[in-house]
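1. prediction below, plus the sequence it came from.
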Amino acid sequence: MTDRRMHRVLRALLHREHRALQREYDVRPAADEQTIVLDAVELPEGWEPRTIDIRIELSEHHPRNPPKWVLPGELRLNGRVPRHILSSGHWLARGQLGDPIIYWPTDWDPARSSLRQETDVMLADLLTADAPGREASDA
């Protein structure tokens, strides 16, 4: 397959994934083609803030390489940074507290995974977050 044809196929795939996200979420246009913004996603009770924007940053080689979901660093569960987000294999809190929280799918399969499916998995992960423990302090 030529590079040009591969590029068209990947753009068509991304367009299909974008439409699938729009069926469930408010998708705001982003400044570049490598970013998708889910606008005003409601989180379950206990989370603060209750409504957040989620940025999906696509790899230059999407879908071959997994995207990452970027959540606001001020995200709290019952007022504290949840242990689940800090210790799960799918999550990374970068730098100091308040920096963006990154989710990436460790089971990403370029042939089968989709942005909509992984967004649902990520949000389900938030639904089942562990209560904060001693190791998850805000200090």
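-> Thanks, I have it.
2. rest of the way, CA atoms for contacts and neighbours
-> OK.
3. residues contacting the nearest residue in space to residue 106 that is not next to it in sequence?
-> Spatial nearest neighbour of residue 106, chain neighbours left out: residue 90 (6.2 Å); criterion: Cα to Cα, 6 or more residues apart in numbering. When contacts are counted by Cα atoms under 8 Å, 6 or more residues apart in numbering, residue 90 touches 103-106.
4. what's the lowest-pLDDT member of those?
-> The lowest pLDDT within the contacts of residue 90 belongs to residue 106, with 80.
5. check the gap between residue 8 and residue 116 for me.
-> 21 Å (Cα to Cα, to the nearest Å).
6. who has more neighbours, the two?
-> residue 116 (18 against 12; other Cα atoms under 10 Å).
7. select the longest helix from the chain.
-> helix 3-24 (DSSP state H).
8. can you classify the residue nearest the centre of the chain by secondary structure?
-> With distances taken as Cα atoms, centre = their mean, residue 69 lies nearest the centre of the chain, 2.3 Å away. Each residue gets one of three states, and residue 69 gets strand by DSSP: H, G, I helix; E, B strand; the rest coil.
9. which residues sit in contact with the closest residue to it other than its chain neighbours?
-> Using Cα to Cα, 6+ apart and skipping the chain neighbours, the partner closest in space to residue 69 is residue 56 (4.5 Å). Residues near residue 56 by Cα under 8 Å, 6+ apart: 35-38, 67-70.
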